[in-house]
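Asks: structure, please.
(one chain, ligands or ions: 1)
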Amino acid sequence: MFRKKSYGIAVIGILLVLVLMLMMFGSRLFTDIDETTQVEKENQIVVGVSQLGSESGFRTANTESVQNAFTQENGYFLIYNNARQRQENQLKAIRSFISQRVDYIIFSPVVETGWETVLQEAKEAGIPVILMDRSVDVEDESLYVTCVGSDFVEEGEKAGHWLEQELRKRGRTQEPVNIVVLTGTEGSSSQLGRTVGFDLVANKHENWNILEQKCAEFTSTRGKEVMRGFLSRYPDIDVVVSQNDDMTFGAIEAIKESGQTVGVNGDIMIISFDAVAGALEMVADGTINVDIECNPNQGEYLLQVIDMLEAGEPVEKQYYVKEDVFTMENVTREILEERSY
Ligand code: GZL
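Replies: Numbers count the residues shown, from 1 in each chain. Below you'll find the model as predicted:
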């Protein structure tokens, strides 16, 4: 009995000491964290970034580029959100940035339409909006400050011009050339632009037959599924135009499963977009005939734009990142070793 009694007093004593400590330091602990965060936010430029997803190698590199740019060392407080390919998630994220009164909003719009209302809300809140990678289709272009991305129509034309040259080299300027197209997310700038650009060239060639264009969502899984469908419907495909490398990887798997070959010496020519490291390895070994680069390293460009805005300098409405076209002839070991994505 006595022993139990003495234990009980000890336990109560320890609890009392703990409660007193928490009362003395607990609030300081939370206050310190709150105060520090608040101080950091006050001393830094707060940027809210809504990334559309993580569907591809390009997207991963694009996200890394942004996160490497907007660091505390560079004077920024980054609030980042991954919308997982859903526009409603981007709308929610942007409204959250507005309510947090960030200094800038940056986002890569998953599709071009449906942004007027939220951009008007950002404008009324006095928060500049910068588009990254893809763009928006709005009547009032004052709803965003600038867009840092790619010229997707030009990318599509580059693909068409390469095919023109290749067919000329092969002497195939008259006989029918059967083409299938794996398109990216319907209504995205990259899908719209690459399609328009390639069609501008294709429409000049009566012997080019675009048998079918079908969305494969910029993913390798869907690229394989859609390519399987093409192969089941069309026995004599000459060219696959695949609007990103991830879909290309899936399509090549499907073609090889069908017993056909791909690339420089294959049954089916492969035209791809993005030029991520894994795809450039396949360009170098002749599996992919040509890869139209889409440069995801936009963080530095975005930093420069915000520096200009902070300094009160005027900025252009559109900045295009530098991009190349890769074939077996110009993919060097050095390029492969230095590739950051
Ligand atoms: C292009 C970008 C596209 C890439 C895909 O700038 O929007 O989205 O080509 C990515 O890899 O999914």
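Asks: residues from the stretch 101-250 of the chain in reach of the ligand?
Replies: 133, 134, 150, 184, 190, 218, 244, 246 (C-beta under 6 Å from any ligand atom). Bear in mind the C-beta positions are built from the backbone N, C-alpha and C, glycine included.
Asks: the first one bridge partners, please.
Replies: Beta bridges link residue 133 to residue 149, judged by DSSP bridges.
Asks: past whichever helix or strand residue 47 is part of, which element shows up next along the chain?
Replies: Following DSSP states H and E, one finds residue 47 within strand 45-51. Counting by DSSP H and E, the next helix or strand C-terminal to strand 45-51 is helix 57-69.
Asks: spatially, what comes nearest to the residue positioned nearest the centre of the chain if we skip its sequence neighbours?
Replies: With distances taken as C-alpha atoms, centre = their mean, the residue of the chain nearest its centroid is residue 59 (3.3 Å). In space, and not counting its chain neighbours, residue 59 is closest to residue 53: 6.1 Å by C-beta to C-beta, 6 or more residues apart in numbering.
Asks: for residue 303, see how far away residue 71 is.
Replies: As judged by C-beta to C-beta, to the nearest Å, residue 71 and residue 303 stand 10 Å apart.
Asks: okay, the two: which has more neighbours?
Replies: residue 303 (19 against 14; other C-beta atoms under 10 Å).
Asks: pLDDT at the spatially closest residue to that one that is not a sequence neighbour, what is it?
Replies: Leaving aside its chain neighbours, residue 303 sits nearest to residue 69 (4.8 Å; criterion: C-beta to C-beta, 6+ apart). pLDDT recorded at residue 69 is 97.
Asks: burial measure for residue 69, as a count.
Replies: Neighbours around residue 69, by other C-beta under 10 Å: 22.
Asks: the bottom helix or strand of the protein by mean pLDDT?
Replies: helix 27-43 (a mean of 46; mean pLDDT, DSSP states H and E).
Asks: and the helices in this structure?
Replies: Using DSSP state H, the helices found in the chain span residues 2-21, 27-43, 57-69, 87-99, 116-124, 152-169, 189-202, 220-233, 245-257, 277-284, 299-310, 333-338.
Asks: and the ones you listed, which is most packed in?
Replies: Among the helices of the chain, helix 245-257 has the highest mean neighbour count (mean count of other C-beta atoms under 10 Å), at a mean of 23.
Asks: can you list contacts of that helix?
Replies: Here helix 245-257 makes contact (C-beta atoms under 8 Å, 6 or more residues apart in numbering) with 55-58, 182, 184, 216-228, 231, 240, 242, 261-262, 268, 270, 272-276, 278-279, 282, 287-288, 291.
Asks: try 7 Å
Replies: 56-57, 182, 216, 218-224, 227-228, 231, 240, 242, 262, 268, 270, 272, 274, 276, 278-279, 287-288, 291 (C-beta atoms under 7 Å, 6 or more residues apart in numbering).
Asks: pretty sure residue 298 is touching residue 65, no?
Replies: Yes. Using C-beta atoms under 7 Å, residue 298 is in contact with residue 65, at 5.7 Å.
Asks: which residues does residue 178 contact?
Replies: With C-beta under 7 Å, 6+ apart as the criterion, the residues that contact residue 178 are 209, 211, 234, 236, 237, 238.
Asks: for it, list each beta-bridge partner.
Replies: So, taking DSSP bridges as the rule, residue 178 has residue 209 as bridge partners.
Asks: and stretch 73-81, average pLDDT?
Replies: 97.
Asks: could you export that stretch as PDB, CA atoms only?
Replies: Output in PDB follows, covering the C-alpha atoms of stretch 73-81 (Å, rounded to 0.1, in the frame of the first residue of the first chain):
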ATOM      1  CA  GLU A  73      19.100  31.100 -50.600                       C
ATOM      2  CA  ASN A  74      17.800  33.000 -53.700                       C
ATOM      3  CA  GLY A  75      15.400  35.000 -51.500                       C
ATOM      4  CA  TYR A  76      12.200  33.100 -52.200                       C
ATOM      5  CA  PHE A  77       9.600  31.300 -50.100                       C
ATOM      6  CA  LEU A  78       8.100  28.700 -52.400                       C
ATOM      7  CA  ILE A  79       4.600  27.300 -52.000                       C
ATOM      8  CA  TYR A  80       4.300  24.300 -54.400                       C
ATOM      9  CA  ASN A  81       1.300  22.300 -55.400                       C
END
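Asks: I'd like the numbering to begin with 289 instead of 1 from here.
Replies: With the count now opening at 289, the last piece we talked about shows up as stretch 361-369.
Asks: what's it in contact with?
Replies: For stretch 361-369, the external contacting residues (C-beta under 7 Å, 6+ apart) are 328-329, 332-339, 355, 358, 381, 385, 388, 390, 591.
Asks: quick check: buried residues in it?
Replies: Residues of stretch 361-369 classed as buried: 364, 365, 366, 367, 369 (neighbour count, 16 or more other C-beta atoms under 10 Å).
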